[in-house]
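*Asks:* Next comes the sequence, and after it the predicted model I'd like to discuss.
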Amino acid sequence: MLFEEYDPRDDKMLQVMDNDGRIINPQWKPDIPDELVLEAYKFMNFARTVDLMAVSYQRQGRMYTYPPNLGQEAISTAIGKLMRPQDWLVPAFREMSAWLLKGARPRDIFLYFGGHEDGSKFSGAPNFLPSAVPIASQLQHAAGIGYAIKYKKQDSVVFAFSGDGSTSEGDFHEALNFAAVWKAPVIFTIQNNQYAISVPVKNQTASLNLAIKSLAYGIPGIKVDGNDFFAVYRASSEAVQHTRAGNGPVLIEAVTFRQGAHTTSDDPSLYRSQEEEKAWSEKDPIKRLRGYLDSMGLWNPGDDEPMLEEYKNEVEKEFAVYENYPDYKVEDVFQYHYKEMPEDLKHQQINYEKFLNWKEAQK
Ligand SMILES: Cc1ncc(C[n+]2csc(CCOP(=O)(O)OP(=O)(O)O)c2C)c(N)n1
Ligand SMILES: [Mg+2]
């Protein structure tokens with residue numbers, strides 16, 4: 001049994017391939033067809049293209065603050081591939097591959113980070129909560145949805161994401177405790193990307209690792225190499241089996257590294273070294289999966305360039321949809337908080353409209 005063999009108390013980390021994509025732990029390699037591995041490789045490249053271009057658009061002043069995913073693609077790609085339409089995705093804000101695999105389009109991502117509410121609509125993608133910026137708040141929603149699924153005897157699993165920093169929030173504890181007590185079908189994945197903005201994970205917790213927190217809630221936990229597609233896929237599949245059998249939640253700590261900045265407003269050179277960045281670039285998840293494909297003769301090296309070119313064109317088209325999208329109505333910002341708008345909010349709306357008129361007059 002995977003969860004027994006990788007007991008978090010031993011601080012072992014599930015790894016299936018090494019940094020060059022060589023299979024070092026065949027026993028735990030998931031039994032999936034080559035076709036799926038190829039799809040995952042291509043998809044990780046697509047997600048990375050969207051991500052890199054989003055950073056670039058933000059730098060050009062064409063989109064607002066954006067949290068880069070660079071280096072974390074294996075986690076949400078593996079989990080996204082496991083998600084069925086009836087399953088729920090409860091995101092934080094740095095698991096874009098899962099968003100896309102759930103049915104979001106790049107335009108939704110651009111709209112969201114361009115400040116447009118329609119970016120959270122995800123038309124055509126069911127059971128999908130919007131991005132949650134208040135750290136760990138989404139985990140409460142995940143626990144509640146899991147409880148409802150169990151109560152209604154539905155066949156769904158909730159996939160909830162959060163970061164290493166989220167584990168210090170009260171919401172994290174409450175959500176895991178509640179879900180565990182009620183055996184709610186929730187898979188909590190912590191993307192341990194080593195930092196919560198500038199706070200390194202060693203200052204986040206005195207625990208041996210993050211997976212060990214599962215012990216306090218009486219649920220299985222596992223630490224996996226989050227840059228190893230196979231390891232994340234295997235651990236998540238076992239977690240799905242466990243939870244679908246009615247045994248309640250699982251906590252997965254996926255160890256990774258945020259190669260980019262926390263957001264486009266951050267400068268990581270102020271709190272981490274180039275050596276650290278270099279060491280992690282050796283473990284890049286796309287490079288590793290590519291190493292595996294090469295060794296199996298499954299990928300033609302010449303195919304990367306045309307593939308990336310095609311993805312770039314696709315993303316450009318999606319960005320054009322976002323840039324030509326109709327503006328939202330100013331009332332939308334104010335209207336939906338209360339049944340009847342209180343006086344102070346009415347004043348805010350009037351003042352804001354005055355400000356917008358003034359801005360327009362400056363042009
Ligand atoms: C409740 C709350 N406190 C503080 C913040 C400010 N904040 C935004 S992101 C972040 C760090 C989150 O770190 P982590 O959970 O590791 O996720 P990561 O950003 O690394 O993906 C903080 C403190 C917030 N958004 N919400
Ligand atoms: Mg983090």
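*Replies:* Done, it's in. Numbering: from 1, shown residues only. Ligands and ions are numbered 1, 2, ... in the order given.
*Asks:* In contact with the residue of the stretch 101-250 of the chain found nearest ligand 1, which residues?
*Replies:* Residue of the stretch 101-250 of the chain nearest ligand 1, by C-beta to the nearest ligand atom: residue 163 (2.2 Å). Every C-beta, even on glycine, is put in place using the N, C-alpha and C of the backbone. Shown in contact with residue 163 (C-beta atoms under 8 Å, 6 or more residues apart in numbering): 92, 94, 135, 190-193, 196.
*Asks:* Most neighbours of all these, which one?
*Replies:* residue 190 (28 neighbours; other C-beta atoms under 10 Å).
*Asks:* contacting residues for it?
*Replies:* Contacts for residue 190 (C-beta under 8 Å, 6+ apart) come out as 162-164, 166-167, 210-211, 251-254.
*Asks:* can you count the residues close to the nearest residue in space to residue 169 that is not next to it in sequence?
*Replies:* Distances taken as C-beta to C-beta, 6 or more residues apart in numbering place residue 136 nearest to residue 169, at 3.7 Å, with adjacent residues excluded. Residue 136: 22 surrounding residues under other C-beta under 10 Å.
*Asks:* The one 5 residues further on now?
*Replies:* Using other C-beta under 10 Å as the criterion, residue 141 is surrounded by 17 other residues.
*Asks:* Residue of the stretch 201-350 of the chain closest to ligand 2, please.
*Replies:* Of all residues in the stretch 201-350 of the chain, residue 258 sits closest to ligand 2, at 6.5 Å by C-beta to the ion.
*Asks:* re earlier: ok, the residue nearest to residue 169 to ligand 2 distance?
*Replies:* The gap separating residue 136 from ligand 2 is 12 Å, by C-beta to the ion, to the nearest Å.
*Asks:* And that residue, its phi and psi?
*Replies:* phi 80, psi -10 (degrees, to the nearest 10).
*Asks:* pretty sure it contacts residue 176?
*Replies:* No: Residue 136 is beyond contact range of residue 176, at 10.1 Å (criterion: C-beta atoms under 8 Å).
*Asks:* Next up, phi/psi of the closest residue to ligand 2 within the stretch 1-150 of the chain, please.
*Replies:* With C-beta to the ion as the measure, residue 94 is the residue of the stretch 1-150 of the chain nearest to ligand 2, at 7.9 Å. Dihedral angles phi and psi of residue 94 (degrees, to the nearest 10) take the values phi -130, psi 50.
*Asks:* Residue 299 too?
*Replies:* phi -140, psi 140.
*Asks:* repeat for residue 14
*Replies:* According to degrees, to the nearest 10, residue 14 has phi -70, psi 120.
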